[in-house]
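> below is the structure, and that's it, no one-letter string:
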């Protein structure tokens, strides 16, 4: 009975590991989407900056207008740098999640191997126990 309970705990632990891995996969997908979104935003900011620079070349006559454009470009550049930092952070998080997933997979394989060994030992014990039970009767 205790052995069955122990095996049930192992199975439940394995199920929990699988759920954890599924959550990690979802997090990895989320981080990939965030990375792609950040790239799109960076590209949009670059495109906007280039268009702004082209407009500035044509409208450089008024210094006040040029100063305003410079401020906009600085703000866009700052935003772009922030997004770049966010992408780098997402890359690190993604790598960490992959490492954790690999470790979880390794532990799952070890636990599965232990479970198989335990089941084999139980089968052996049961087969050795049957003749003893027969002898006792």
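Everything's here; your move. This one's a predicted model, so the numbers in the text were calculated from it and none came from an experiment.

> now do whatever helix or strand residue 85 lives in, average pLDDT.
In this assignment (DSSP states H and E), residue 85 forms part of helix 63-136. The average pLDDT for helix 63-136 rounds to 89.

> which secondary structure elements does it contact?
helix 2-58 (3 or more CB pairs under 8 Å, 6 or more residues apart in numbering; DSSP states H and E). Yep, even glycine has a C-beta here, placed from its N, CA and C like the rest.

> from residue 53, how far off is the most centrally placed residue in the chain?
With distances taken as CA atoms, centre = their mean, the residue of the chain nearest its centroid is residue 28 (3.0 Å). Distance, residue 28 to residue 53, using CB to CB, to the nearest Å: 37 Å.

> one more: residue 74?
For residue 74, the distance to residue 53 - CB to CB - is 13 Å.

> ok, now which ones touch the closest residue to residue 39 other than its chain neighbours?
With CB to CB, 6 or more residues apart in numbering as the criterion, residue 39 has its nearest non-adjacent residue at 7.1 Å, and that residue is residue 87. Residue 87 is in contact with 35, 38, 39, 42, counting by CB atoms under 8 Å, 6 or more residues apart in numbering.
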